[in-house]
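Colleague: sharing a sequence plus its predicted fold:
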Amino acid sequence: MTREVDTKGYVKLYRKAMKDPIFKDSKAWHLFTYCLFNATFDSKYGEVGSFVTTMDQIKDDLGWKTRMTVDKFMKILKEGSYINYKTSNKDTTIYVPNYSKYQD
């Protein structure tokens, strides 16, 4: 079951993003853009730049085979300060710290 995403909004991507280390890693870039596309863009829907999901939902949405892959690339993005997240036994809240850079 795929979660519905509000497709009315846009995110900005700059061509200079191709020089960013995560661009050169297709799975890291895939996960990062997934986070951008799913993050709340309007405070009436929750905290701007964040969303709640599960690791299994991310795995399924991205078509990845294992949850270990999701864990690995979530840690890479967190270490690079591209995202921050909190995981509980129920769900995961992901926050994109510089989300406003990708919205206007």
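Modeller: That came through fine.
Colleague: what's the neighbour count on Leu36?
Modeller: If you count neighbours by other CB atoms under 10 Å, Leu36 ends up with 20. For every residue, glycine as well, the C-beta is placed using N, CA and C.
Colleague: can you pull out the strands in the protein?
Modeller: Listed from the start of the chain, the chain has strands (DSSP state E) covering 50-53, 84-87, 92-95.
Colleague: in JSON lines, list these along with distance to Ala28, mean neighbour count and mean pLDDT.
Modeller: Conversion of those to JSON lines gives the following (distance: least, CB to CB, whole Å; neighbours: other CB atoms under 10 Å; pLDDT from 0 to 100):
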{"stretch": "strand 50-53", "distance to Ala28": "17", "mean neighbour count": "19", "mean pLDDT": "95"}
{"stretch": "strand 84-87", "distance to Ala28": "14", "mean neighbour count": "14", "mean pLDDT": "96"}
{"stretch": "strand 92-95", "distance to Ala28": "14", "mean neighbour count": "18", "mean pLDDT": "96"}
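Colleague: Lys101 is nearest to which of those?
Modeller: Of all those, strand 92-95 sits nearest to Lys101, with 13.8 Å by CB to CB.
Colleague: pull the closest one out as PDB, backbone CA atoms only.
Modeller: Taking C-alpha atoms only, strand 92-95 is exported to PDB below (Å, rounded to 0.1, in the frame of the first residue of the first chain):
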ATOM      1  CA  THR A  92       9.900   7.200  12.200                       C
ATOM      2  CA  THR A  93       9.800  11.000  12.100                       C
ATOM      3  CA  ILE A  94      12.100  12.500   9.500                       C
ATOM      4  CA  TYR A  95      13.100  16.200   9.400                       C
END
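Colleague: and it, what does it pack against?
Modeller: With contacts taken as 3 or more CB pairs under 8 Å, 6 or more residues apart in numbering; DSSP states H and E, strand 92-95 sits against strand 50-53, strand 84-87.
Colleague: okay then, goodbye and thanks.
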